[in-house]
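In: what follows is a predicted protein model with its sequence.
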Amino acid sequence: MYKKNLFLFEGDVVKNLPNSTFLVFIEKIKKNVLCYISGKIRLNYIRIIPGDKVKIEIDKSNPNKGRIIYRMR
């Protein structure tokens with residue numbers, strides 16, 4: 001993905017799904033998005049559970065999928 005083709009959003013993790021994917025609700029656009037974890041989060045063993053606030057980036061070409069890039073405290 002290219003950086004200029006991405007939207008950045010903040011959302012809440014709603015549900016854990018298999019293969020380290022998550023369902024994230026974005027309040028700004030009132031939509032659930034299927035997200036996977038970025039490599040940096042995976043390498044540092046950062047745990048994400050339902051209820052966490054996260055930053056995600058969504059590609060313009062496929063707005064139904066995203067990537068979790070940061071877990072907020």
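Out: That came in fine, so what should we check first? Worth saying up front: this structure is predicted, and the values here are computed from it rather than measured. Numbers count the residues shown, from 1 in each chain.

In: just the buried positions in stretch 32-50, please.
Out: Neighbour-count burial for stretch 32-50, counted by 16 or more other Cβ atoms under 10 Å, picks out Val33, Cys35, Tyr36, Ile37, Ile41, Ile48. Glycine gets a C-beta too; all of them are placed from N, C-alpha and C.

In: which residues in the chain form strands?
Out: For the chain, the strands defined by DSSP state E occupy 6-17, 21-26, 31-37, 53-59, 65-71.

In: compute the inter-axis angle for the second one and strand 53-59.
Out: Orientation of strand 21-26 against strand 53-59 (axes from the mean of the first three to the mean of the last three Cα atoms, to 10 degrees) gives an angle of 100 degrees.

In: swap in the first one?
Out: With the same axes, to 10 degrees as the basis, strand 6-17 and strand 53-59 are set at 120 degrees to each other.

In: could you pull up phi and psi at Ile48?
Out: Main-chain torsions, Ile48, degrees, to the nearest 10: phi -120, psi 130.

In: from what I see, it and Met72 are in contact.
Out: No. When contacts are counted by Cβ atoms under 8 Å, Ile48 is not listed as touching Met72 (10.6 Å).

In: common neighbours of the two, please.
Out: Val54 (Cβ atoms under 8 Å, 6 or more residues apart in numbering).

In: tabulate the strands of the chain (TSV), appending mean pLDDT.
Out: Shown next, in TSV, are these (pLDDT from 0 to 100):
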stretch	mean pLDDT
strand 6-17	96
strand 21-26	98
strand 31-37	97
strand 53-59	96
strand 65-71	96
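
In: just checking, Arg71 touches Ile46?
Out: Yes. Between Arg71 and Ile46 there is a contact under Cβ under 8 Å: 5.7 Å.

In: tally of neighbours for the spatially closest residue to Glu27 that is not a sequence neighbour?
Out: Of all residues not flanking Glu27 in the chain, Gly11 sits nearest, at 6.8 Å (Cβ to Cβ, 6 or more residues apart in numbering). Neighbourhood size, Gly11 [other Cβ atoms under 10 Å]: 25.
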